[in-house]
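Visitor: Let's see this in three dimensions:
(one chain, ligands or ions: 1)
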Amino acid sequence: MNLKKSHEIWISDLTHTEQGIVSRTFPLGASCVYSYAKKNLGKDFNFKLFKFPSKLNEELIKKSPKVLGFSNYKWNFELSYKFAVLAKQRDPELITVWGGPNFPIDLNEKIDFLKKWPAIDFSIELEGELGFVDLIEKLSKYNFKASDLKKNREKIINTCYLHENELVSGPINRIKDVNIVPSPYLNGTLDEFFDQPLIPLFETTRGCPFACAFCADGQASKNKIHRYHPERTKEELNYIAKRIKNMSELMNADLNFGMYKQDVVTANIIRDIQEKYDYPQTVIVATGKNMPQRVIDVASIIKGWQLGASIQSTDESVLKASNRQNITSSAYKKLIDFGNKSNNTKTYTDLMVALPGDTKEKHFNSLRWSIDSNVRSIRMHQSIMLVGTDMASKNTRNNHGLKTKFRTVPGAVGYYEILEKKYPIAEIEEIIIGSNTLSEKDYIECRIMDLFIQTFYNNYLFEEVFALLKSLNVSAFDCMLYINDHPELYSNNVKEIIKDFVSGTIDDLYDTLEEAQQSVLSPDIMVKYIEGKLGYNELLENTVRLFNKFEDSRDLMFKSVKGTLQEKNLFSKDIEKYLNELEKFISIRKNEPLRDIGSIKSMSFSYDFEAIRENDYIINPKSMPLLEEPLRFDFFHDQEQQKYISNQVKMYSAQAEGMGRLLFQSDSRLIFRSFSKSS
Ligand code: SF4
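Guide: Numbers count the residues shown, from 1 in each chain. Take a look at the predicted model:
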């Protein structure tokens, strides 16, 4: 083949697509590197940006660039690496450059990593812009002969490479004024992505002052915060709002939004845009872990901010082992109380299971604490060993006896065409499933409890039931424990789902990376992954299954509420009557909420549910007697809900694990039917 040599420099931030889009945001990081490089070197080179593997392949068939850059995350490394290997095989002069957090911080581990993956010519750490431009300039000096540059051991900013098995590292340099990076929105770089079901991602700051052991952003070199001019942010957000199509969400990439006084300015910009464009309806941010009053001030300005804080664990020893600093309990409660009072906010917290030092009791305590703090959505995660983090170091593994296994990154498995041939590719990650404080059996029990919380507690599915418990001074977590402790109440469908969940949690795992790769990539196993029989996110998938078996889940919930109250001698005839009505009410509002959008359903009740709603469903049935005449109510999706649902379905149906993510990420109050008295 006659390859057209060119002065092409390509940058890619690939996502898996075979089972739906895995990385569901605009490629912000890669587009910043692209924009900065184009600004500095655009006269001499033709730059291109890619997110989808099919597009990169199309271009690669036509020509070979001088330099091919890849973002390096755990969800795209193998896919990118396959492109790198094949592109280099065809054109040995092609130079590959990598940047992203999926790279070790320890010197020896860096050497091992680069030896293991020889198609990586250069790896850039921290922010990519300075390193990438310095590298291209130095490569130009050597007429793009990487071996000559390496022979001379040229030092390149933020970049390292191997030469004769030794690591050559350049000086570490962070961008002090991030405004030198042209906005990839305002210069049109990201225009093509408005046609895709992707969430616009923007940043107002870079850096994080905290130092969590499990996080790649916890390194000392990333501690200082650098901020963009507010005018630029304003222009970017207006630019996005004018071009957005079929999308309700906006994501902020700041690591601690709301913690700084300048965030008030950003919040006002977003609010103005919301008033003008009716977008975004949901704003996804990582909330600041400090300055709770300021976070509240900022949150009160923006509509649709999912307000919360990542707690990971409430146990002091677990937090200490991860070098984690949490917001104080009182500040956290204040934040959540504020969020719950606002109609436009869904409060959340993130918890991790099996962190160093964790136990079943500590995990359950963290769940109880979150529920008793009235958090509306508890997001429970497995502990993933990220390359380059302190938690993944040999020391931490040994000190805590961490037991880990390997599995595919959910959704990130597929066949991809690269240079006219199809290849099976799978991303593999390492998760903790036990330690010297957490047996494997306890780990499974923690995960089953997570499934119950995710299904029954999160997302407002049974909020009215939990409000009743609250009015009786009973913790909703007691009801979750009741469900957990009474398997005799499970229907056959529920039993089947729990069995599959346990199997997905523990069976679909491998002892080593090599074993995982060998097994997953064999054709008969690949088929199972692609068909979704293996490698799915078992928590999301089985939540959806329990959600779809609405009658089974509802019956289990109501039997457990009754049992919980009986155990505490609080059950009475009045409560029984109210629960009977509530069961019908929840069914008509929440069963199959995405079906028959636009239709109106009606039903009569012996309670005035409009009045009960006014009181956030916190009622004592004794003081709320049955109506003499039943009242009829209509149940429907209003205009705002219909638009939201239509956008959410469009976006999530294009994504891996679409329905699970839709339930997990959306504000269910906009999905469940509204109601009012029939006229
Ligand atoms: S606060 Fe968040 S971003 Fe910062 S180090 Fe901890 S986990 Fe990472």
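Visitor: Quick check: residues of this protein near the ligand?
Guide: 208, 210-212, 215, 217-218, 255, 289 (CB under 6 Å from any ligand atom). In this view, the C-beta of every residue, glycine as well, is placed from N, C-alpha and C.
Visitor: got the CA positions of the helix or strand harbouring residue 635 in CSV?
Guide: Assessed by DSSP states H and E, residue 635 sits inside strand 631-636. Extracted C-alpha coordinates of strand 631-636, given in CSV (Å, rounded to 0.1, in the frame of the first residue of the first chain):
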residue,chain,number,x,y,z
LEU,A,631,-61.2,11.1,46.0
ARG,A,632,-60.3,10.5,42.3
PHE,A,633,-56.8,11.4,41.1
ASP,A,634,-55.3,11.7,37.6
PHE,A,635,-51.7,10.4,37.0
PHE,A,636,-49.8,11.8,34.1
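Visitor: For the very next helix or strand once past that strand, buried residues please.
Guide: Using DSSP H and E, the helix or strand that directly follows strand 631-636 along the chain is helix 639-653. Neighbour counts over helix 639-653 (16 or more other CB atoms under 10 Å) mark 641, 643-645, 647-649, 651-652 as buried.
Visitor: can I get the residues you listed in JSON lines with distance to residue 394?
Guide: Output for the buried residues of helix 639-653, formatted as JSON lines (distance: CB to CB, whole Å):
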{"residue": "641", "distance to residue 394": "52"}
{"residue": "643", "distance to residue 394": "52"}
{"residue": "644", "distance to residue 394": "48"}
{"residue": "645", "distance to residue 394": "49"}
{"residue": "647", "distance to residue 394": "47"}
{"residue": "648", "distance to residue 394": "44"}
{"residue": "649", "distance to residue 394": "46"}
{"residue": "651", "distance to residue 394": "41"}
{"residue": "652", "distance to residue 394": "40"}
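Visitor: Switch the residues you listed over to a markdown table; also include pLDDT.
Guide: Shown next, in a markdown table, are the buried residues of helix 639-653 (pLDDT from 0 to 100):
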| residue | pLDDT |
| --- | --- |
| 641 | 91 |
| 643 | 89 |
| 644 | 88 |
| 645 | 90 |
| 647 | 86 |
| 648 | 86 |
| 649 | 87 |
| 651 | 79 |
| 652 | 82 |
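Visitor: Quick check: phi and psi at the closest residue to the ligand within the stretch 51-200 of the chain.
Guide: The ligand sits closest to residue 101 of the stretch 51-200 of the chain, with a gap of 10.1 Å, by CB to the nearest ligand atom. Phi and psi for residue 101, reported as degrees, to the nearest 10, are phi -80, psi -10.
Visitor: Is it in contact with residue 71, as I believe?
Guide: No - in this structure, residue 101 is not within contact of residue 71 by CB atoms under 8 Å, at 9.5 Å.
Visitor: between the two, which one's more packed in?
Guide: residue 71 (25 against 21; other CB atoms under 10 Å).
Visitor: per-residue pLDDT, the closest residue to that one other than its chain neighbours?
Guide: Residue nearest to residue 71 in three dimensions, not counting chain neighbours: residue 13, with 4.1 Å by CB to CB, 6 or more residues apart in numbering. Note on residue 13: pLDDT of 98.
Visitor: same check, this time on residue 237
Guide: So, for residue 237, pLDDT stands at 98.
Visitor: again, but for residue 345
Guide: If you check residue 345, the pLDDT there is 66.
Visitor: where are the low-confidence patches of the chain?
Guide: 1-6, 343-345, 655-656 (pLDDT under 70).
Visitor: still on that earlier bit, whichever of the residues of the chain next to the ligand end up buried, select them in ChimeraX.
Guide: To isolate the buried ones among the residues of the chain next to the ligand in ChimeraX, judged by 16+ other CB under 10 Å, type:
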select :208,210,211,212,215,217,218,255,289
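Visitor: now the residues of the chain next to the ligand in JSON lines, with secondary structure?
Guide: As requested, those are exported to JSON lines (DSSP: H, G, I helix; E, B strand; the rest coil):
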{"residue": "208", "secondary structure": "coil"}
{"residue": "210", "secondary structure": "coil"}
{"residue": "211", "secondary structure": "coil"}
{"residue": "212", "secondary structure": "coil"}
{"residue": "215", "secondary structure": "coil"}
{"residue": "217", "secondary structure": "helix"}
{"residue": "218", "secondary structure": "helix"}
{"residue": "255", "secondary structure": "coil"}
{"residue": "289", "secondary structure": "coil"}
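Visitor: Nearest to residue 357 among the residues of the chain next to the ligand?
Guide: residue 212 (14.1 Å; CB to CB).
Visitor: Return the set of buried residues in the strand ranked longest in the chain.
Guide: The residue-count maximum for a strand in the chain (DSSP state E) belongs to strand 403-418. For strand 403-418, a neighbour-count test (16+ other CB under 10 Å) marks 403-414, 416, 418 as buried.
Visitor: Check those residues and tell me the two furthest apart.
Guide: It's 403 and 418 that sit farthest apart of these, by CB to CB, at 35.8 Å.
Visitor: Now the helix or strand where residue 132 lies: buried residues?
Guide: Taking DSSP H and E as the definition, residue 132 sits inside helix 128-141. Neighbour-count burial for helix 128-141, counted by 16+ other CB under 10 Å, picks out 128-136, 138-139.
Visitor: try stretch 507-515
Guide: Neighbour counts over stretch 507-515 (16+ other CB under 10 Å) mark 508-510 as buried.
Visitor: In a markdown table, list these along with distance to residue 97.
Guide: Converted to a markdown table, the buried residues of stretch 507-515 look like this (distance: CB to CB, whole Å):
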| residue | distance to residue 97 |
| --- | --- |
| 508 | 34 |
| 509 | 33 |
| 510 | 30 |
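Visitor: Please identify which of the residues you listed is nearest to residue 316.
Guide: Nearest member of the buried residues of stretch 507-515 to residue 316, counting by CB to CB, is residue 509, at 30.1 Å.
Visitor: Name the nearest residue to the closest one, sequence neighbours excluded.
Guide: Closest residue in space to residue 509, ignoring its immediate chain neighbours: residue 405 at 3.8 Å, by CB to CB, 6+ apart.
Visitor: And residue 160, by the same measure?
Guide: In space, residue 160 is closest to residue 169, 4.2 Å off (CB to CB, 6+ apart).
Visitor: Could you pull up the residues touching that neighbour?
Guide: Residues in contact with residue 169 (CB atoms under 8 Å, 6 or more residues apart in numbering) are 155, 159-160.
Visitor: Among the residues you listed, name the buried ones.
Guide: Buried among these (16+ other CB under 10 Å): 159-160.
Visitor: hmm, back to that, which helices and strands sit right next to the helix holding residue 132?
Guide: In terms of contacts (3 or more CB pairs under 8 Å, 6 or more residues apart in numbering; DSSP states H and E), helix 128-141 is packed against helix 28-41, strand 67-71, strand 95-99, strand 122-124, helix 146-151, strand 159-163.
Visitor: Of all those, which one is nearest residue 619?
Guide: Per CB to CB, nearest to residue 619 of the helices and strands packed on helix 128-141: helix 28-41, 46.5 Å.
Visitor: I would like the residues contacting the closest one, please.
Guide: 9, 11-13, 45, 47, 49, 51, 69, 71, 99-100, 128-129, 132-133, 136-137, 180-184, 187, 189-190, 201-203, 253.
Visitor: All good on my end, thank you.
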